[in-house]
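In: prediction below, plus the sequence it came from.
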Amino acid sequence: MVMPALDSGGDMEEFDRFIGVVKKYAEAYRDLEVLQKNPAFDFLPIGDQKTGVIGEAFIFEYLKRQGLCDLEFGRTDQKGWDIRHSHGLASNEIVYVQVKTVSAFAKYKRISPIHFAPDSCELYLVSLDENLIPDNIWKPNGYSDSKIKVHNGEKVVKGTRMPKNAEDTASGFTELENVFEDFKRYFPELYPAG
């Protein structure tokens, strides 16, 4: 089932509600992280939870605030893309977007496998701080050949991590474009001019 974009009447109110929930989740996440590191709670595995959904929501809102048309989320079982939209106001071309997210709680900053997607697919790498708010966003244009593997009969990109800077080829990505400054321009409520 494809989720439709919100109508323009309630967009800001709904996004504000989303931010409120994310802040509550970040607080609970920090508390859970403390428990996970406590040896007495060895039944709680250490790892990153729910950050993918949060990263996708931020990129969806970012694209919407840019005025892109016909934004839709993919299904949860969709491989290769998370969001799609029309390219330009009058274009029939569909652009696919794949979002990979890592939070400050992820020790090694590893990115889950990237499934190959349609040619017109953009990849966003979203880094979240301890409040689960983006603190960096990258758009890589390629991958290191050594990271392309066959997994369950299909080619995927594996063994990558969140880039540290634009020259970080060890991350497994090439031609890294940092779009965080542009992202912040669209979210003055999160990044007030100082």
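Out: Perfect, I can see it now.

In: use CA for all of it now, contacts and neighbours both
Out: Noted.

In: which residues of this protein fall in helices?
Out: Per DSSP state H, the chain carries helices over the ranges 11-37, 51-65, 180-185.

In: need the winner for burial among those.
Out: By mean neighbour count, with neighbours taken as mean count of other C-alpha atoms under 10 Å, helix 51-65 ranks first of those at a mean of 19.

In: so that one versus helix 11-37, what angle?
Out: 160 degrees (axes from the mean of the first three to the mean of the last three C-alpha atoms, to 10 degrees).

In: quick one: the spatially most central residue of the chain and Ile137, what's the gap?
Out: Geometric centre of the chain, nearest residue: Gly55, 3.4 Å, by C-alpha atoms, centre = their mean. Remark: distance between Gly55 and Ile137 (C-alpha to C-alpha, to the nearest Å) = 10 Å.

In: what's the overlap in contacts for the two?
Out: The contact sets of Gly55 and Ile137 overlap at Val126 (C-alpha atoms under 8 Å, 6 or more residues apart in numbering).

In: output the lowest mean pLDDT helix or strand found in the chain.
Out: strand 3-4 (a mean of 44; mean pLDDT, DSSP states H and E).

In: so where's the protein uncertain?
Out: For the chain, the stretches with pLDDT under 70 are 1-10, 42-49, 88-91, 118-119, 194.

In: just the strands in it please.
Out: For the chain, strands defined by DSSP state E occupy the ranges 3-4, 69-73, 83-86, 94-103, 114-115, 121-128, 134-143, 148-151, 154-157, 173-178.

In: show me what the last one packs onto, helices and strands only.
Out: Using 3 or more C-alpha pairs under 8 Å, 6 or more residues apart in numbering; DSSP states H and E as the contact criterion, the elements in contact with strand 173-178 are strand 134-143.

In: what residues sit buried inside the strand it packs on?
Out: Pro134, Asp135, Asn136, Ile137, Trp138, Lys139, Pro140, Tyr143 (16 or more other C-alpha atoms under 10 Å).

In: cool, stretch 185-194 as well?
Out: Using 16+ other C-alpha under 10 Å as the test for burial, stretch 185-194 gives Tyr186.

In: just the CA trace of that stretch, in CSV.
Out: Provided in CSV are the C-alpha atoms of stretch 185-194 (Å, rounded to 0.1, in the frame of the first residue of the first chain):
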residue,chain,number,x,y,z
ARG,A,185,17.3,26.1,5.1
TYR,A,186,14.0,24.3,4.8
PHE,A,187,13.7,23.6,8.6
PRO,A,188,14.1,26.9,10.4
GLU,A,189,12.1,25.5,13.3
LEU,A,190,14.8,23.0,13.9
TYR,A,191,17.9,25.1,13.0
PRO,A,192,17.2,28.7,13.9
ALA,A,193,19.6,31.2,12.5
GLY,A,194,22.1,32.0,15.2
